[in-house]
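Trainee: Sequence first, predicted coordinates after that:
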Amino acid sequence: MSEDLQYPTRSYPYRARLDRAGPDPSRDLDVSFGESVETPDVPGLKARLVGVDPYAGRDISPGELERLDDPLARLLLKRGTFPRTLQQLLDALNAFNGDPGGVPHQNVFFISEWGQIPLNSTTARYPRQIRYILTRGRNEIGAADILVSTAPPSDDAGIFLQVAAWDRTNEVFHFYERGLRTSTWFWAGSSWDALAPPTRGKGPFDSHVNGAPVMKERKEPWLHWHSISQDIPRQNFPPGHPINRASEDAFVNQCQSAHLLQTQIVEPAVRRWTDARLRRVLGSSGIADPGALMRQVLTATSVNIASARQRSRSAEPDIEIPLTLLVDAETLLKFLPDAPLIIVRVPRPLYEQAISTLQISLRDTQQGFQQAGDAFFAWAVPERAFEDIVVVEALVRRGVLSAQFATALLMIDFTNPIDSARRAALMKHVPSVTVQATGTGGLQAKMLQSIEAAAGATGTNSEEAEIVRFMALREGDWQAEAERRVTALVDAVEARAKTRDGAIDYLRLADSRRRAFRRNRHLAEFDLSLPFSSVADGAPAVELLPDGTVVQRPETTAPSAR
């Protein structure tokens, strides 16, 4: 069993192996995953599924090797080519540009949390990180089959080199990394390995928690990316920095805006994997693990980072609070087409008072760097991850959940789109055995039976009773009810945001979610990802109420989102 790659017909594989792994690699680097590992320089491909295999890896079996059918494996690794550097990898791929299975079209993107910090006598002493995301595909842009995460210099084998590659035959991403300073490559698992023990949450899946590529700062203004919103100037890096070497000129000249990575590469990749996954999971044999799907409805298995489109320091008179701080707008509004898109603005003087009151600053604690003020784009906050949103959409589109039932679930504690203990507690109503996807024995019917029974036992103030009442509403009425509640919330926040106390409260709310992100999410690998405040990391969390007020969150433990 331990030597087989499995591509199931109805659910993901569960490998019943002994947990022989050593310590987990550390956290991901945006579209990448974990630290590379120094190993003896033995050219070849080994397997290392963290949580299953020895940390040094093991020999990959003939069966595993045969089933790898992504471009990296097919064009290079299975032919005995094991590049040591990024440039060697690209040169090797370029040799197959004329091949029908080649991936000739290349896109280059840059991200750096240090990219907007000017180089001066005060900041010159700090090492500055910048990372490359390169993609390769059959076409000029879109549906990339290879995503590479690395850093300059491109000719250095001591730089991490990690790849997610799409296997069109088996419809999965395979995750690879090259050992540091070696030509040993490791296969770290496929998308299916992200979804169940013993590999869930380990190795590349500590950040790629659902098996797809991750773009943490996914939306405009793409907080730390080179994009149409901002450049990452080379002059913000010391002359001796690797990005300023002549070897990197070609990558700098090719660098494209992050909006293309978002819309043409990462989002299609998430949808491609989700569609492939659901085609297998929702087969005629039933859903073997309903919880694996419903945790992406009821919890935030991951997060993205959103921010205002306004600079934190500019002459613009107002700052827009990201709507996803207040409500799961990107998911809910797909089911509520008539809900008004109200933009909540904070006058800049009140925003600046709130920044001063909470002593917001950028920090890199390891390097001892601190700079007073917000992120370069204001009000950066974690929000519900795109990969979870896509699963909700797909379950409704395929009839597994009705739009009304999905909305009923999401409207529980709807003012707290992530880390909601109340909504996560509804996981207890998800069947723990195989159920049909639809019909009287389907997932929704079984959940509703459990919810209705609990509502009868717990009284009218329970979450279950709220769902039962919502499900009793007729078509048109349930949309109107949800829209009324969302509109009332946003109206209340809009009014309070124009007051000093309101501006401070909503920044407190953002700060609370930032602290939870740093504490609980493996994606929080860089201090500069989100600003800090004077509030202690372990201080009680706050939450938003439907009347627009911010209060201390009750001490409630939610089921794990992972």
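Mentor: Arrived safely.
Trainee: what comes up buried for the one helix or strand Arg272 maps to?
Mentor: Per DSSP states H and E: Arg272 is located in helix 267-281. For helix 267-281, a neighbour-count test (16 or more other CB atoms under 10 Å) marks Glu267, Ala269, Val270, Arg271, Arg272, Trp273, Thr274, Ala276, Arg277, Leu278, Val281 as buried. Bear in mind the C-beta positions are built from the backbone N, C-alpha and C, glycine included.
Trainee: Next up, the contacts around the fifth one.
Mentor: Listed by CB atoms under 8 Å, 6 or more residues apart in numbering, the contact set of Arg272 reads Ala143, Trp166, Glu171.
Trainee: quick one: the first one and Arg271 touch, right?
Mentor: Think Ala143. No - assessed by CB atoms under 8 Å, Ala143 is found out of contact with Arg271, at 10.2 Å.
Trainee: The closest residue to Thr123 other than its chain neighbours: neighbouring residues, count only.
Mentor: Excluding its sequence neighbours, the residue lying closest to Thr123 (CB to CB, 6 or more residues apart in numbering) is Ile117, at 5.8 Å. Close neighbours of Ile117, defined as other CB atoms under 10 Å, add up to 20.
Trainee: helix, strand or coil for Ile117?
Mentor: Secondary structure, DSSP: H, G, I helix; E, B strand; the rest coil: Ile117 is coil.
Trainee: correct me, but it touches Gln370?
Mentor: No - if you go by CB under 8 Å, Ile117 and Gln370 don't touch, sitting 11.5 Å apart.
Trainee: what's the overlap in contacts for these two?
Mentor: By CB under 8 Å, 6+ apart, the residues touching both Ile117 and Gln370 are Leu362.
Trainee: Which parts of the protein belong to which domain?
Mentor: Per the record, the chain has its domains at 44-267, 282-552, by automatic domain parsing.
Trainee: Now mean pLDDT too, for the ones you listed, in a markdown table please.
Mentor: Converted to a markdown table, the domains of the chain look like this (pLDDT from 0 to 100):
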| stretch | mean pLDDT |
| --- | --- |
| domain 44-267 | 96 |
| domain 282-552 | 96 |
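Trainee: Quick check: chain neighbours aside, which residue is closest to Leu426?
Mentor: Leaving aside its sequence neighbours, Leu426 sits nearest to Leu298 (CB to CB, 6+ apart; 5.3 Å).
Trainee: should've said Ile504
Mentor: Ala354 (4.6 Å).
Trainee: residue ranges of the helices in the stretch 151-300 of the chain, please?
Mentor: With DSSP state H, counting those that start in this stretch as the criterion, the stretch 151-300 of the chain has helices at 249-254, 258-260, 267-281, 290-298.
Trainee: any chance of those in TSV, with distance to Glu330 too?
Mentor: Formatted as TSV, the helices of the stretch 151-300 of the chain follow (distance: least, CB to CB, whole Å):
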stretch	distance to Glu330
helix 249-254	31
helix 258-260	16
helix 267-281	12
helix 290-298	14
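Trainee: mind checking which of those is nearest Arg138?
Mentor: With CB to CB, the closest approach to Arg138 among the helices of the stretch 151-300 of the chain belongs to helix 267-281: 13.2 Å.
Trainee: and Val252, how many residues sit next to it?
Mentor: Using other CB under 10 Å: Val252 sits among 16 other residues.
Trainee: In contact with it, which residues?
Mentor: Val252 makes contact with Arg234, Ile243, according to CB under 8 Å, 6+ apart.
Trainee: The one 3 residues further on now?
Mentor: By CB under 8 Å, 6+ apart, Cys255 lies in contact with Val108, Phe109, Phe110, His226.
Trainee: pretty sure the first one is in contact with Ser257, am I right?
Mentor: No - in this structure, Val108 sits apart from Ser257 without contact. The criterion is CB under 8 Å, and the distance is 10.9 Å.
Trainee: separation between Ala250 and Ala95?
Mentor: As for Ala250, its distance to Ala95 is 17 Å (criterion: CB to CB, to the nearest Å).
Trainee: Put together JSON lines for the buried residues of helix 267-281, with distance to Thr150 on each row.
Mentor: Formatted as JSON lines, the buried residues of helix 267-281 follow (distance: CB to CB, whole Å):
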{"residue": "Glu267", "distance to Thr150": "22"}
{"residue": "Ala269", "distance to Thr150": "18"}
{"residue": "Val270", "distance to Thr150": "21"}
{"residue": "Arg271", "distance to Thr150": "25"}
{"residue": "Arg272", "distance to Thr150": "23"}
{"residue": "Trp273", "distance to Thr150": "22"}
{"residue": "Thr274", "distance to Thr150": "26"}
{"residue": "Ala276", "distance to Thr150": "27"}
{"residue": "Arg277", "distance to Thr150": "27"}
{"residue": "Leu278", "distance to Thr150": "32"}
{"residue": "Val281", "distance to Thr150": "33"}
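Trainee: Closest one to Ser402 out of the residues you listed, please.
Mentor: Distance to Ser402 across those (CB to CB) is lowest for Leu278, with 16.4 Å.
Trainee: Return stretch 59-77 as PDB; C-alpha atoms alone will do.
Mentor: Output of stretch 59-77 as PDB, limited to C-alpha atoms (Å, rounded to 0.1, in the frame of the first residue of the first chain):
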ATOM      1  CA  ASP A  59      13.200   5.400  -3.000                       C
ATOM      2  CA  ILE A  60      10.200   6.100  -5.100                       C
ATOM      3  CA  SER A  61       8.500   2.800  -6.200                       C
ATOM      4  CA  PRO A  62       8.200   1.800  -9.900                       C
ATOM      5  CA  GLY A  63       4.400   2.100  -9.500                       C
ATOM      6  CA  GLU A  64       4.600   5.600  -8.100                       C
ATOM      7  CA  LEU A  65       7.000   6.700 -10.800                       C
ATOM      8  CA  GLU A  66       4.900   5.200 -13.600                       C
ATOM      9  CA  ARG A  67       1.800   7.200 -12.500                       C
ATOM     10  CA  LEU A  68       3.600  10.600 -12.500                       C
ATOM     11  CA  ASP A  69       2.400  12.100 -15.700                       C
ATOM     12  CA  ASP A  70       2.900  15.900 -15.200                       C
ATOM     13  CA  PRO A  71       5.300  17.800 -17.500                       C
ATOM     14  CA  LEU A  72       8.100  18.000 -14.900                       C
ATOM     15  CA  ALA A  73       8.100  14.200 -14.400                       C
ATOM     16  CA  ARG A  74       7.400  13.300 -18.000                       C
ATOM     17  CA  LEU A  75       9.900  15.700 -19.700                       C
ATOM     18  CA  LEU A  76      12.700  15.700 -17.200                       C
ATOM     19  CA  LEU A  77      12.700  13.600 -14.000                       C
END
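Trainee: give me the number of residues near the residue lying closest to Met447 once chain neighbours are set aside?
Mentor: Excluding its sequence neighbours, the residue lying closest to Met447 (CB to CB, 6+ apart) is His429, at 5.0 Å. By other CB under 10 Å, 21 other residues sit near His429.
Trainee: when you give positions from now on, start the count at 14
Mentor: Yep, numbering from 14; the last one is His442 now.
Trainee: Hmm, Ala468 and His442 touching each other?
Mentor: No - between His442 and Ala468 there is no contact under CB under 8 Å: 10.4 Å.
Trainee: what touches both of these two?
Mentor: Counting by CB under 8 Å, 6+ apart, the common neighbours of His442 and Ala468 are Glu477.
Trainee: Distance of Asn474 relative to Thr148?
Mentor: As judged by CB to CB, Asn474 and Thr148 stand 50 Å apart.
Trainee: The two: who's more crowded?
Mentor: Thr148 (28 against 8).
Trainee: what helices or strands is the helix or strand encompassing that one leaning on?
Mentor: According to DSSP H and E, Thr148 maps onto strand 144-150. Packing partners of strand 144-150 (3 or more CB pairs under 8 Å, 6 or more residues apart in numbering; DSSP states H and E): helix 99-107, strand 118-124, strand 159-163.
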